[in-house]
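> Give me a model of this one.
(one chain, ligands or ions: 1)
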Amino acid sequence: MANETSVDTLTRKEAASELERLAEVMADYDRQYYEEDAPAVSDEEYDALRKRNLAIEARFPDLVRGDSPSLKVGSAPSAKFAKIRHALPMLSLDNAFSDEDVADFAKRVRRFLKLADDAPLAITAEPKIDGLSLSLRYEKGRLVSAATRGDGAVGEDVTANALTLPDIPDELHGEAPEIFEVRGEVYMTHADFAGLNIKLAEEAAALAEAAEAAGKVVTAKAARQFANPRNAAAGSLRQKNPEVTRSRPLRFFAYAWGEASEVPGRTQTEVVEALGHFGFSTNPLMRRFDHIAGLIEHYRSIEAQRATLGYDIDGVVYKVDDLELQKRLGFVSRAPRWAIAHKFSAEQATTVVREIEINVGRTGKLAPLAKLQPVTVGGVVVSNVTLHNEDYIAGKDADGGPIREGKDIRIGDTIVIQRAGDVIPQVVDIVIEKRPADAVPYIFPDHCPACNSKAERLVNPRTGRLDSNRVCTATLTCPAQAREGLKHFVSRNAFDIEGLGETMIETLFDAGLVHQPADIFRLQFEPLREAVEARRRELSELRRTAEGKAVPEKTVKKAETSRAIENILSGIDARREVPLDRFVFALGIPEIGETSAKSLARHFDDVRGFIEGVDAAAKGRAGEDWTELSTLRTVGGNTFARMMEIEPTKLEDESWDPLKDTSLALKANQRVALKERYGEASAIREAIGRASSHAPSEAFLSLSKDGDLGPVATQSLISFFEEKHNREAVLALLEAGVSTINERPKVPAASPVAGKTMVFTGSLEKMTRPDATKRAEALGAKVSGSVSKKTDLVVAGPGAGSKLADAEKHGVKVISEDEWLALIGEG
Ligand code: IVH
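Prediction:
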């Protein structure tokens, strides 16, 4: 959450766009977590985003979006399963992160129930199991359906799978209500998780061996293993084939209920006891307390037992015990008022830095990695931790100034690491007392460990300061960069060549067969076979020395290798024609990711057209002064556009103070940013003047608009093609017979807005702004964010403000949304 503006200073407009961003980002995280069982961020980071979203919504309640993360529980069910609508929604829990948050929870409950501050209030405390929740519906005592939480309203039908779990009875024991939905958590113990991963690794190895025997070249695909017990439980339960689920060691704790024709008890404690009688496992650490002090004490005790419980928990859940009170308290949006989850902080462990290794990435970045004395953190063995960059290791920036994170980390240091949630471990502290007497500050290499060229820290155009990363200066001759670049070129979202994975690229690169992408398309059978066989011999030699004994050399029949080579060659043939966006993305141009590549591809017919566009932009590239001001945080966009329209006479007028000129409509934070960067009014005036005189050409702006690129990415694209070797490598691909297809829609000839520059402003009612923009662009219009004399048409909806005024000022035609729809024949 680096440099995020405080919620208190957000303007309404900033708040709206921040809420939009959060909705988008968190929907992505949710999808990765729930659908792909592969979390992208730690629970803490996620919770921080959720809190930020809530805080903004609390300040601007009318800005709460329909797709707000605060209204969502989990993620939409996967299409793999039939859906089940929960009779009662499966809700989520609010979080408490401190003892004060817990006290606040109790206060809220008391206030709501109009209880005195000291009136006794029974609350239960039990571990929060880190698994996935499941709702089991029993009718007349028999299990009729089992559903995952899904989005809280609709879950996935996993009935057949649930029936294979030993902890889930097919039939409730004893006298059960007519209808009873039992809810709880499916989880996996640490021991079972470790065993399952070993089993999966062995299966993958056996499969690879069989495939190899069948003549397929096996690229070292990591065996499909699970990242943690939670993902293992989710992945095992959400299987198409229930027999797979049966073979997985899943367990279930019951802790709640949904629809019930009759609730078997008057308190949480009684019902959980009843769940035990019905045949379920319930958590043995559940207790009831009359005061907060007891809850907190139990929380600490559970936290102390956490490492030895044998299964993952991520907090303690408190619930008001009395069901009558629960009913009165009810729910707020996604969570009950009568319960809260008191989360644990991330798990930590102490270990020693044995070595610092530097890896060189595709872009030449020197990435430091600490090799650790292996240590278990939350059930996972950690032996590496990233040290990010030079400044992080040194604990100061290039000028010796303090930095937000990072500390003087030395080889031999004892460090505290944490695995926040499920993701990448990080260093949290150094135990200085344990530093060996002879430990010296780490000297970051100033030469590339792969090619020995100079490695430099460049000025980051976004900040105007030395970047914290050091990069190898030999972009094309550095073998590490070339290798990584080739791996990127063949990767799944780029050329996606079957049979050519990372390992095969390494083999071919090391054999000297492939130096640059075009070489791939010139590969011949015989040299390829020789390289593959040589690598095989090398590997078995290695294996033999490693095991220190004679291992019989595996004989791979000649015919099998031949078949494998044929497979690779046909994989390459299949990709001699690729979509233009894949081609652009595959080049690995810094700052040009998949999204930019897709946008760019929409605007060019083929590779040559694309290069021409870049060349045209290169002629009128932006000056550094322009880039600096246009990328200054909080300035950009419309404010920047207004600055660029200031008359030259004003810029020369020494009495003109840009900070006081109301026509610029500067916001407080923009004034602060300008002052911080440039200082006095006169300096700001000069900066605007310099930027105006270094403004880029139309071609530059149009390239940056086509690719939806900022000035930095546009410059990067230009610099890439200015480098002779890069250009040659791209042309070599075309000469080797690679061509592109481009399925972008043709602009209709009769479009009323073809070639026109348009602006949408105010709120649209019949379509969203992005859809309207897309539609206009498909019709050949250029959609801009600000109104100038060059604008042809403004579509204004209710609430249009300064842009409407600008349109009037410049005499630009303004039409309503309905008129716009009529114009394009959709009215
Ligand atoms: S009670 C209406 N108790 O945590 C609230 N939930 O963040 C019902 N969870 O969706 C939930 N252990 O998957 C409850 N002892 C426990 C729990 C627990 C884990 C999960 C559950 C829920 C999520 C909320």
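> Please enumerate the strands of the stretch 401-550 of the chain.
Here the stretch 401-550 of the chain has its strands, by DSSP state E, counting those that start in this stretch, at 414-419, 426-430, 455-456, 459-460, 465-466, 471-472.
> Relative to Ala796, which of those strands is closest?
strand 459-460 (38.9 Å; C-beta to C-beta). In short, each C-beta sits where N, CA and C put it, glycine included.
> Contacts made by the closest one with the rest, please.
465-467 (C-beta atoms under 8 Å, 6 or more residues apart in numbering).
> what mean pLDDT does it have?
In this model, strand 459-460 has a mean pLDDT of 80.
> Please apply the same query to stretch 776-794.
On average, stretch 776-794 scores 85.
> Can you report how many residues lie near Phe489?
23 (other C-beta atoms under 10 Å).
> which of the strands of the stretch 401-550 of the chain sits most buried?
Most buried of the strands of the stretch 401-550 of the chain by mean neighbour count (mean count of other C-beta atoms under 10 Å) is strand 471-472; its value is a mean of 24.
> And the contacts of strand 459-460, which is closest to the ligand?
Nearest to the ligand out of the contacts of strand 459-460 is Asp467 (C-beta to the nearest ligand atom; 39.7 Å).
> can you tell me how far that closest one sits from Glu484?
19 Å (C-beta to C-beta, to the nearest Å).
> Tell me which of the two has more neighbours.
Glu484 (23 against 19).
> what about the more buried one, distance to the ligand?
Applying C-beta to the nearest ligand atom, to the nearest Å, the value for Glu484 to the ligand is 40 Å.
> hang on, isn't that residue packed against Gly364?
No. Counting by C-beta atoms under 8 Å, Glu484 stays clear of Gly364, with 9.0 Å between them.
> any low-confidence regions in the stretch 601-750 of the chain?
Low-confidence segments of the stretch 601-750 of the chain, defined by pLDDT under 70: 744-749.
> do the same with the stretch 301-450 of the chain
Those would be 378-379, 404, 406, 420-423, if you go by pLDDT under 70 across the stretch 301-450 of the chain.
> So which bits of it are right by the ligand?
Contact residues, the stretch 301-450 of the chain versus the ligand (C-beta under 6 Å from any ligand atom): 317, 336, 339, 341.
> burial measure for the second one, as a count.
The number of residues packed around Pro336, counting by other C-beta under 10 Å, is 18.
> Would you list the phi and psi of the spatially closest residue to it that is not a sequence neighbour?
In space, not counting the residues next to it along the chain, Pro336 is nearest to Leu91; the distance is 6.2 Å by C-beta to C-beta, 6 or more residues apart in numbering. Note on Leu91: its backbone torsions stand at phi -100, psi -180 [degrees, to the nearest 10].
> Repeat that for Ala146.
According to degrees, to the nearest 10, Ala146 has phi -140, psi 130.
> who touches it in this structure?
Contacts of Ala146 (C-beta under 8 Å, 6+ apart): 134-137, 157-159, 161-163, 168.
> run the last query once more with 10 Å
84, 134-137, 155-163, 165, 168, 182, 186, 237 (C-beta atoms under 10 Å, 6 or more residues apart in numbering).
> measure the residue nearest to Pro336 to Ala729 for me?
55 Å.
> quick revisit: can you list residues touching both of Glu484 and Gly364?
Contacts common to Glu484 and Gly364, judged by C-beta under 10 Å, 6+ apart, are 450, 478.
> those strands in the stretch 651-800 of the chain, which residues are they?
Counting by DSSP E, counting those that start in this stretch, the strands of the stretch 651-800 of the chain are 739-741, 757-761, 782-783, 793-796.
> Please measure how far the first residue of stretch 572-587 sits from its last one.
17 Å (C-alpha to C-alpha, to the nearest Å).
> Just give the nearest non-adjacent residue to Val498, would you?
Actually, residue 498 is Glu rather than Val. Closest to Glu498 by C-beta to C-beta, 6+ apart is Gly571, at 3.6 Å.
> need the contact list for that neighbour.
Here Gly571 is in contact with 490, 495-500, 504 (criterion: C-beta under 10 Å, 6+ apart).
> where exactly do the strands run in the stretch 151-300 of the chain?
154-156, 179-187, 251-260, 287-289.
> weakest of the ones you listed by average pLDDT?
Minimum mean pLDDT among the strands of the stretch 151-300 of the chain: strand 154-156, a mean of 92.
> Alright, that wraps it up for me.
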